[in-house]
Structure formats: C-alpha cells, structure tokens
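Asks: Mind looking at a prediction? Sequence and model below.
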Amino acid sequence: MTLKRGLSSAGVSKSRSKGSHFPVLGFIFLCVISPLLFFFARGLHTADQDDISNAPSKKEWREWQALQELKSLFSKEVIDVILASTNDLGPLSLDNFIKNNLSASWRVVEAETSKATPELNQLTAFKQEKSKEKDGGFSDDRAQLDDNPAHLARRQLIQKRREKRAAELVRQDDDVYVKLENAAIERSKSVDSAVLGKYSIWRKEIENENSDSTIRLMRDQIIMARVYLSIAKMKNKLELYQELQTRLRESHRALGDASSDAELTHSAHEKIKAMGQVLSKAKEQLYDCKLVTGKLRAMLQTADDQVRGLKKQSTFLSQLAAKTIPNGIHCLSMRLTIDYYLLPPEKRKFPKSENLENPNLFHYALFSDNVLAASVVVNSAVVNAKDPSKHVFHLVTDKLNFGAMNMWFLLNPPGKATIHVENVDEFKWLNSSYCPVLRQLESATMKEYYFKAGHPTTLSSGASNLKYRNPKYLSMLNHLRFYLPQVYPKLDKILFLDDDIVVQKDLTGLWAVDLHGKVNGAVETCGESFHRFDKYLNFSNPHIARNFDPSACGWAYGMNIFDLKEWKKKDITGIYHKWQNMNEERTLWKLGTLPPGLITFYKLTHPLNKSWHVLGLGYNPSVDRSNIENAAVVHYNGNMKPWLEIAMTKYRSYWTKYVKYDHPYLRNCKLSE
C-alpha cells in the first residue's frame with residue numbers, strides 16, 4: 001500500500017527555505033519520519049558517523065538508507081528537534097495516525113507506478129533492485145555491501161541525482177511563486193491600493209485625464225462617500241460618519257452646477273484630495289464587499305426611479321409647453337385685434353376677391369389660430385413661387401383670432417398673391433346635427449374626459465395620453481380638413497398646408513401630379529416597421545381588423561394635394577362621418593385627425609416623392625441636413641414648434657428667416673430671434 005498525496009521533497013524544501021519549518025514539519029514528522037523514530041532513538045549519532053561495524057537487519061538497512069536521503073533535506077537543527085520530540089513522545093505509529101487523523105483529501109491506494117512521484121518511483125526501483133540482488137545470492141551482510149565499490153558509487157550517483165532534482169523543483173516552485181506574487185502586486189496597484197489622496201477606484205482616470213475628468217472624479221467620490229456614510233452610520237462609526245458628512249458637503253459646494261472642468265473653482269482639487277483621504281480611511285475601516293455592493297445596487301435602483309420620474313416630468317412639461325401660447329404671440333394677436341376693429345369697415349377688405357373661386361389658379365387651404373405661424377407659411381410660399389400672382393391663400397381661423405389674422409395681412413399683403421380670411425364660427429352648415437365630431441365634443445363624456453376635476457391627466461398618471469388632450473383636438477379648425485369641398489365648392493384641386501411648415505420651393509408642380517384616380521396626394525411616412533396602420537388604429541377591434549391591413553403604410557398630413565372632384569364622387573366626407581360615429585367611445589382610435597384620415601383615405605392616397613415634404617423638425621434631432629435643404633416643404637411636426645422656447649435650435653433658422661422681426665408690432669410685443 002502507498003500513501004498518495006501531492007507532497008514532494010520540493011515542497012518540504014520550500015517550506016524550510018521560507019522559514020516556516022514547524023507547521024509543515026509537524027505533518028512530515030507524523031506522516032514520513034515516524035517509522036524512523038525508533039531507529040533515531042537507538043543510535044542516531046552513531047548512524048551519522050557511518051559506523052556500521054555491527055551489520056543491521058535488512059529492515060534496519062532500509063531505515064538507514066532513508067536516513068541518508070533525509071539528511072540531504074533537513075538541517076542538523078531540524079533533526080535535533082525530531083530527536084527531542086521522539087524522546088518526549090516515544091515512537092509513533094503511522095498506521096495509527098492514518099486511521100485516526102488522516103484528512104479526507106488523502107487516500108490509501110494500491111501503488112501505481114504511472115502516477116507516483118519521481119522520488120517514489122526511484123525508491124520503488126531501488127527496493128526492487130535490492131530484492132533482485134537478494135534473489136541472485138547477494139549476501140545480507142552490510143559490511144560486504146558497503147565494501148563493494150560499484151554499489152557504493154552507484155548509491156552516491158543516485159544521491160547526487162536526487163539532490164539535483166530536489167534543487168530544480170525548489171527553484172521552479174520559487175520562480176512560479178515570484179511570478180504570481182508580482183502579478184498580484186500589479187493587480188493591487190490598480191484595484192486595491194489605498195494611497196491617501198488618490199483613491200484606487202479612480203486611479204486610471206486620474207492618470208489618463210481628459211477634458212472633464214475632474215468633474216467625473218468628484219461625482220464618483222460623492223457616490224462612494226454616500227455609500228460609506230450609510231455603512232458608517234450602520235456600524236456606529238460616529239467620528240468617521242461626521243468626517244464623511246463634512247467632506248460630502250464640501251464636495252457638493254465645490255461641484256455646484258459645474259458641467260465641465262473649466263467651470264470648477266481652484267479649491268476643487270483640494271476637496272478631491274481631502275475626500276480621497278477620507279475615502280481611503282473609510283475603506284480600511286468599513287469595506288465589506290457584500291455591504292458596498294448592496295448599497296450601490298440600492299443607489300442604482302433609486303437613480304433609475306428618479307430618471308423615470310424625470311422622463312415623465314419632461315414629457316408632461318413638453319406637452320404643456322406645446323399647448324401654451326407664448327406671451328409675445330398672445331400680445332401680437334391682442335394688439336392686431338384691437339387695431340382691426342378700430343378700422344372703418346371699408347378698409348377691412350382684401351383686394352382681388354375675384355380670384356377666390358377661379359379653378360385655374362393655385363389654391364391653398366390654411367387653418368390656423370396662430371398669426372405668426374400663418375404669416376411664415378404664406379410669406380415662404382410667396383417668396384419661393386415663380387409667379388405669385390397665380391397663388392390664392394384661403395385662411396380660416398377662429399373668432400378669437402379673426403381680427404388679428406385680417407389685420408396682419410392687411411398691413412403685410414402677400415405681394416401679388418391673393419389672400420382671404422374666414423371665421424370658422426360663421427360656417428352655419430358646420431353644426432352638431434351634421435358633424436359627428438361637434439356632437440361628440442359637446443357630449444358629457446367628452447367634457448368629463450377633458451375637464452373633470454381629479455381625472456388622471458397630470459404627471460401622476462404619466463403622459464401617455466396627455467397629447468390626446470391637447471386643446472387643438474377640441475377645435476373644429478383641426479377637423480375642417482374633412483370638409484374641404486363644403487368650404488370651397490367651386491374649386492377642383494386644393495393644396496392643404498399645416499401652419500407649422502415652411503415652404504422652400506415653388507409648389508405649382510403639385511397641381512400637375514397625376515393622382516391616378518386617388519383623392520389624396522401625400523408623402524408616406526412608414527419605414528420598415530413604424531408609422532404603419534397598427535400604430536394608430538386599434539386592431540383588437542373587429543371593425544378595424546376586418547377592414548384594414550395593419551401593415552399598410554401611413555402618410556403625413558401637413559402638405560396634401562386633394563382632388564376635390566374625386567372627393568365628391570367617392571363621398572369622402574360621408575366615409576369620415578361613418579367611422580367617426582363608430583368611434584363615439586374612442587374604441588377605434590384615440591383623439592386626433594391622422595387616424596381618421598388614414599381610415600377615410602384608405603386605398604385612396606397616392607404617394608408623392610419624399611422630397612416634396614420632409615418631416616420631423618419638431619421632434620427628431622437627426623433629420624439629414626441634405627434632405628432638409630432639398631425639400632420643397634419642411635414640417636415642424638411634434639412638440640418643439642419653432643415659435644416655442646423648446647424648439648430645436650439647429651432647425652429654427654429655416655423658420656425664422658421668414659419672420660419680420662423688425663416689424664413694429666413684433667418689436668412692441670418683444671418678439672425677437
């Protein structure tokens with residue numbers, strides 16, 4: 001039987017070389033040397049002097065040979081300790097030790113030459129050789145064996161080989177240990193260093209500074225200070241807690257509202273150094289991987305909740321801002337209204353009224369309650385028209401802005417173009433008995449939806465439905481687009497424009513586009529998977545699912561050429577009324593005009609080239625600049641209208657170039673670029 005374990009002479013030598021004899025020695029003493037202790041006790045010093053005049057037995061000879069091997073591994077002081085221990089305790093039994101004390105990681109197995117250590121193989125080979133020599137008639141006389149020069153030389157050669165092998169193993173083990181130690185030291189420099197004033201987590205960032213590294217370092221220090229502050233309070237480290245609190249306040253004051261390193265005060269670096277020292281101290285006293293990880297996870301969750309709340313707040317405020325009218329525009333409308341009604345009736349009329357029903361001219365429909373926005377649409381269209389005298393603008397506004405709209409264009413006529421302003425409230429045919437939307441807007445359920453106190457329309461409910469409660473959906477100006485033949489019965493074609501667009505090219509080519517029997521000419525807005533019908537309509541409703549394709553491509557309102565002859569033939573307004581009546585409870589789509597427009601003009605829309613109409617300037621910051629430059633019309637659809645403070649600066653110049661900021665009315669109302 002053989003005791004198998006990763007224990008070699010190299011391991012023993014290494015233990016001795018590292019100065020830790022006794023922990024390892026105790027184990028070796030019990031497992032390896034105990035069979036020799038009795039021999040040591042009888043005559044260790046005599047054996048050391050090679051006094052073999054009295055030939056021992058074969059067993060004693062093997063013990064003597066093992067002693068010679070051990071002498072190369074242990075110093076005399078160690079052997080003296082072993083001898084002293086043997087004298088005190090008496091000889092120990094290896095079998096008894098294995099039976100009672102052997103760890104589970106040790107095994108007693110049959111000898112396997114292929115898996116044995118080199119030293120064990122050599123010892124086995126030596127024993128086999130001795131056995132063969134005995135079988136061959138070699139005398140058991142030890143004196144004769146030692147006197148044989150050949151055998152003596154062989155034993156010396158084997159002894160030298162073993163010593164050389166042990167030295168190599170020790171050297172290899174030491175090299176590996178040094179490499180591992182050096183690697184650990186290198187890792188500790190970047191991970192676990194505690195140099196005061198240079199806290200380890202940010203070591204790399206300090207050594208590789210960029211433009212705003214100081215800002216980020218201070219923020220990271222504040223995060224770790226909050227972590228240790230919580231742990232210090234938990235562990236009742238009051239002095240450290242107070243120190244962390246003080247440094248935290250100082251860092252917050254030094255950081256302030258700075259967003260770049262250049263905005264920091266000169267004291268910032270002092271605060272960083274002081275905070276680094278406190279954090280190093282906190283790490284030494286409080287660092288606990290589990291606690292720190294838990295605190296950071298909790299802080300991450302809190303920050304995530306705050307981000308979600310801020311996103312909701314941002315959406316709510318942007319929706320709110322989109323609904324409001326800036327003070328300057330409100331001022332402009334009021335001043336113009338007052339001055340209009342001060343005019344005598346004969347001066348309130350526009351010239352060239354005979355052009356209003358001439359089907360051979362280019363007619364535009366514009367429905368708006370924003371004087372400044374409407375002025376940009378008309379001005380940009382006229383400036384870019386090849387022959388403005390053939391262009392006729394039909395403006396419809398509400399009663400509140402009717403005077404202002406008239407007064408502006410009386411003071412600022414669109415050159416040779418024709419213009420006419422109407423009041424939607426004077427369309428007597430547009431009443432609740434004829435128009436389903438008006439009837440629904442006057443219903444109790446709609447009033448409750450919009451105006452009931454306590455209805456979840458605020459931030460607490462999120463802003464998912466807030467945009468559908470925009471006041472523009474309550475205005476018939478927004479729904480008037482479905483009644484174009486009723487508003488302009490003498491016209492054959494008309495170009496519908498939203499008031500948040502800017503015209504950049506001559507648009508007369510649109511009247512020459514062949515719509516192939518379709519009613520609506522529009523630019524499609526669908527990509528691979530968005531802006532299709534399923535984005536706007538409720539396909540869980542059987543009426544929608546049965547009549548429409550969810551993957552059908554959507555299109556944009558804002559610049560649409562309508563064939564009013566085909567409109568009348570296909571009774572487009574009647575189709576609109578049918579679906580609007582079915583949506584009494586808002587189960588087919590939510591409020592708005594695009595969903596009913598998609599339904600009404602389903603399979604009746606001819607796609608225009610995308611260069612006619614480029615959208616997204618009111619919400620998309622990545623609209624391609626070349627597409628904008630080449631577009632006939634750019635559309636500020638979205639909440640960030642160009643006349644609002646929340647407008648995207650990069651796109652605003654396309655709109656402001658058509659605003660007359662030097663006009664006295666605009667200066668008096670403090671409207672400026």
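Replies: All right, it came through fine. Numbers count the residues shown, from 1 in each chain.

Asks: ranges for the strands of the chain?
Replies: 2-4, 107-109, 362-367, 391-397, 418-423, 493-497, 501-503, 520-522, 559-563, 605-607, 613-614, 633-635 (DSSP state E).

Asks: Counting neighbours, what do you get for the closest residue to residue 281 other than its chain neighbours?
Replies: Once flanking residues are discounted, residue 281 sits nearest to residue 240: 6.9 Å by C-beta to C-beta, 6 or more residues apart in numbering. In short, each C-beta sits where N, CA and C put it, glycine included. Residues within reach of residue 240, counting by other C-beta atoms under 10 Å, total 20.

Asks: how close does residue 240 sit to residue 545?
Replies: 66 Å (C-beta to C-beta, to the nearest Å).

Asks: Residue 407 too?
Replies: The separation that residue 407 has from residue 545, given C-beta to C-beta, amounts to 50 Å.

Asks: Residue 668 now?
Replies: 56 Å.

Asks: Just the pLDDT at the closest residue to residue 391 other than its chain neighbours, thanks.
Replies: Spatially, and ignoring its direct neighbours in sequence, residue 391 is nearest to residue 417 (4.5 Å; C-beta to C-beta, 6+ apart). Listed pLDDT for residue 417 reads 96.

Asks: number of nearby residues for residue 417?
Replies: Residue 417: 23 surrounding residues under other C-beta under 10 Å.

Asks: and residue 659, how many neighbours does it have?
Replies: 20.

Asks: gap between it and residue 328?
Replies: For residue 659 relative to residue 328 (C-beta to C-beta), the value is 11 Å.

Asks: shared neighbours, these two?
Replies: Shared contacts of residue 659 and residue 328 (C-beta atoms under 8 Å, 6 or more residues apart in numbering): 666, 671.

Asks: can you give me the helices in the stretch 551-673 of the chain?
Replies: With helices called from DSSP state H, counting those that start in this stretch, the stretch 551-673 of the chain shows them at 564-570, 572-582, 594-600, 625-630, 649-656, 664-668.

Asks: Deepest-packed of these, please.
Replies: Highest mean neighbour count among those (mean count of other C-beta atoms under 10 Å): helix 594-600, with a mean of 22.

Asks: Render the CA-only coordinates of it in PDB, please.
Replies: Written as PDB, here are the backbone C-alpha positions of helix 594-600 (Å, rounded to 0.1, in the frame of the first residue of the first chain):
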ATOM      1  CA  LEU A 594     -54.400  61.400 -38.600                       C
ATOM      2  CA  PRO A 595     -56.100  58.100 -37.600                       C
ATOM      3  CA  PRO A 596     -59.500  59.000 -39.100                       C
ATOM      4  CA  GLY A 597     -57.600  60.400 -42.100                       C
ATOM      5  CA  LEU A 598     -55.800  57.100 -42.600                       C
ATOM      6  CA  ILE A 599     -59.200  55.300 -42.400                       C
ATOM      7  CA  THR A 600     -61.000  57.800 -44.600                       C
END
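
Asks: Pull the residues that contact it.
Replies: 481-482, 533, 536-537, 548, 552, 554-555, 557, 572, 575-576, 579-580, 583, 588-589.

Asks: ok, the residue nearest to residue 391 touching residue 389?
Replies: Yes - at 6.9 Å, residue 417 counts as touching residue 389 under the criterion of C-beta atoms under 8 Å.

Asks: what residues are up against residue 517?
Replies: residue 566.

Asks: same check, this time on residue 357
Replies: Residue 357 makes contact with 488, 490-491, according to C-beta under 8 Å, 6+ apart.

Asks: again, but for residue 214
Replies: Counted by C-beta under 8 Å, 6+ apart, residue 214 has contacts 261, 264, 268-269, 272.

Asks: check contacts around residue 558.
Replies: 497-498, 500-501, 613, 615, 633, 635, 637.

Asks: Next one: it from residue 525, what distance?
Replies: In terms of C-beta to C-beta, residue 558 sits 10 Å off from residue 525.

Asks: Between these two, which contacts overlap?
Replies: residue 615.

Asks: per-residue confidence for residue 12?
Replies: pLDDT, residue 12: 40.

Asks: same check, this time on residue 102
Replies: 42.

Asks: Residue 505 reaches residue 384, doesn't it?
Replies: Yes - between residue 505 and residue 384 there is a contact under C-beta under 8 Å: 5.5 Å.

Asks: hang on, the earlier thing: output the strands of the chain as JSON lines; include the columns mean neighbour count.
Replies: Shown next, in JSON lines, are the strands of the chain (neighbours: other C-beta atoms under 10 Å):
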{"stretch": "strand 2-4", "mean neighbour count": "16"}
{"stretch": "strand 107-109", "mean neighbour count": "11"}
{"stretch": "strand 362-367", "mean neighbour count": "22"}
{"stretch": "strand 391-397", "mean neighbour count": "23"}
{"stretch": "strand 418-423", "mean neighbour count": "20"}
{"stretch": "strand 493-497", "mean neighbour count": "22"}
{"stretch": "strand 501-503", "mean neighbour count": "25"}
{"stretch": "strand 520-522", "mean neighbour count": "24"}
{"stretch": "strand 559-563", "mean neighbour count": "24"}
{"stretch": "strand 605-607", "mean neighbour count": "18"}
{"stretch": "strand 613-614", "mean neighbour count": "24"}
{"stretch": "strand 633-635", "mean neighbour count": "25"}
